[in-house]
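S.K.: This is the structure alone, sequence omitted:
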């Protein structure tokens, strides 16, 4: 009897563990990433852009042609950004607000073109210089130690790039990341005749091979999250087990997002693991990276009920579809009127449906929640409301 009970308990535990694994697999790892084509910052998964990209606000004291790297300081939590100024033969370092896109300039890295950034576990900031086929920078394929307060940089290692050749289009590729599990920096580079990932020991800066592939591949950013090494090639994601890197990388998908004009691609050039108060998904929108908007519909008995799907619009508004992808059913718009005499966030809701609708808006800054509804069988009536500032 006791043996049967024990077997039953074991079976139940296995079911619970299996269910937990399924839930974990169903929850994508999220990143905050830089779109190099549009100079925007968005939250992405390996297969989806989940928030509208916040445009980087260009600063006259931060003149760059291309933003190339992001890194989060493990101490302060600040996100550092680097950009290349080709005509000036230099790079610029700053701190970027992922919510507003505002850059606070730190300083100039003279003579070097930095393609990626990484912090180690003690808060030291490192930079990776680009391939530099055009001889624009002083030290190609080099690891720099960068003062995060002044941007002063020194070469700590000229890296072996294993004879990888690349075209002009790939001269700014290469990626750098810190693995908190084993304490190594990881360096990736690829080109027309191969791709590799090497480990670099901080302190000695010895470089050892971790993975090689003879096929063309062009990495632009990588990071460690959820027990994996994630690597991105513009809009293509791959991942690997850092404990068994020799097994290679697995394709995870392409970063796309639906619009009323069809599927579009997010062209990523840098990323950091996401730290968010509002977590977006295919059914949850985050306006201003603050207001969580969730919509459900009721089309019973013929077509059931469920969550509406997000169609990205912009930072202040979002559209939702129900049963037919791309068909607009509900629009939610939030306006920042905190500087006006009203001193409120304005919420506007509209719909093109007579189905039952429930809209939940959560202010993740202070926890305020409001729910709005439209009864089934009535054409959606416009709704106006407010949330408190700040």
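M.R.: Good, I have the coordinates. Please read all numbers here as calculations on a predicted model, not as lab measurements.
S.K.: The one helix or strand residue 222 maps to: what's the following helix or strand?
M.R.: With secondary structure defined by DSSP states H and E, residue 222 is part of strand 221-225. Remark: after strand 221-225, the chain's next helix or strand is strand 228-233, criterion DSSP H and E.
S.K.: Dihedrals phi and psi, residue 106?
M.R.: Main-chain dihedrals, residue 106, degrees, to the nearest 10: phi -110, psi -50.
S.K.: do the same with the one 10 residues further on
M.R.: Torsion angles at residue 116 (phi, psi; degrees, to the nearest 10) stand at phi -160, psi 160.
S.K.: Counting neighbours, what do you get for it?
M.R.: Residues contacting residue 116 under the criterion other C-beta atoms under 10 Å number 28. (Glycine included, C-beta is placed from N, CA and C.)
S.K.: Extract the residue ranges of the stretch 51-200 of the chain that are flagged as low pLDDT.
M.R.: 132-136, 166-171 (pLDDT under 70).
S.K.: any idea where the helices of the stretch 151-300 of the chain begin and end?
M.R.: Read by DSSP state H, counting those that start in this stretch, the stretch 151-300 of the chain holds no helices at all.
S.K.: List the contacts of the nearest residue to residue 142 once chain neighbours are set aside.
M.R.: Leaving out its chain neighbours, the residue that sits closest to residue 142 by C-beta to C-beta, 6 or more residues apart in numbering is residue 129, at 4.5 Å. By C-beta atoms under 8 Å, 6 or more residues apart in numbering, the contact set of residue 129 is 112-115, 137, 139-142, 144.
S.K.: just residue 343 next, same as before
M.R.: The neighbourhood of residue 343, defined by C-beta under 8 Å, 6+ apart, consists of 337, 389.
S.K.: ok so, going back, so which of the contacts of residue 129 would you say is closest to residue 309?
M.R.: Of all those, residue 309 sits closest to residue 115, with 36.3 Å by C-beta to C-beta.
S.K.: residues touching the nearest residue to residue 242 once chain neighbours are set aside, list them.
M.R.: Among residues not flanking residue 242 along the chain, residue 229 sits closest, at 4.6 Å (C-beta to C-beta, 6+ apart). By C-beta under 8 Å, 6+ apart, the residues touching residue 229 are 177, 179, 186, 197, 222-223, 239-242, 245.
S.K.: can you redo the residues you listed as a markdown table with distance to residue 304?
M.R.: Shown next, in a markdown table, are the contacts of residue 229 (distance: C-beta to C-beta, whole Å):
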| residue | distance to residue 304 |
| --- | --- |
| 177 | 44 |
| 179 | 45 |
| 186 | 46 |
| 197 | 46 |
| 222 | 41 |
| 223 | 39 |
| 239 | 34 |
| 240 | 40 |
| 241 | 39 |
| 242 | 42 |
| 245 | 45 |
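S.K.: Give me the subset of those residues lying in strands.
M.R.: 177, 179, 186, 197, 222-223, 239-240 (DSSP state E).
S.K.: If you rank these by neighbours, which is first?
M.R.: residue 177 (28 neighbours).
S.K.: Quick check: bridge partners of that one?
M.R.: Counting by DSSP bridges, residue 177 is bridged to residue 186.
S.K.: For residue 35, list each beta-bridge partner.
M.R.: Beta-bridge partners recorded for residue 35 (DSSP bridges): residue 40, residue 268.
S.K.: Sorry, slip of the keys, the one I care about is residue 240.
M.R.: The partner residues for residue 240, given DSSP bridges, come to residue 229.
S.K.: What of residue 102?
M.R.: Bridge pairing for residue 102 - DSSP bridges - gives residue 57.
S.K.: and the gap between it and residue 146?
M.R.: 21 Å (C-beta to C-beta, to the nearest Å).
S.K.: Compare these two (neighbour count), which wins?
M.R.: The neighbour comparison of residue 102 against residue 146 (other C-beta under 10 Å) goes to residue 146, with 26 against 14.
S.K.: Check whether that one really touches residue 120, as I assumed.
M.R.: No - Residue 146 is not in contact with residue 120 according to C-beta atoms under 8 Å; the separation is 11.7 Å.
S.K.: what do these two both touch?
M.R.: Contacts common to residue 146 and residue 120, judged by C-beta under 8 Å, 6+ apart, are residue 126.
S.K.: The closest residue to residue 126 other than its chain neighbours: neighbour count?
M.R.: For residue 126, ignoring the flanking residues on the chain, the nearest one in space by C-beta to C-beta, 6+ apart is residue 118 at 5.2 Å. Burial of residue 118 is recorded as 28 neighbouring residues (other C-beta under 10 Å).
S.K.: Between its first and last residues, how far does stretch 66-81 reach?
M.R.: 11 Å (C-alpha to C-alpha, to the nearest Å).
S.K.: Looking at the contacts of residue 129, which is nearest residue 359?
M.R.: residue 115 (43.5 Å).
S.K.: Perfect, that will be all.
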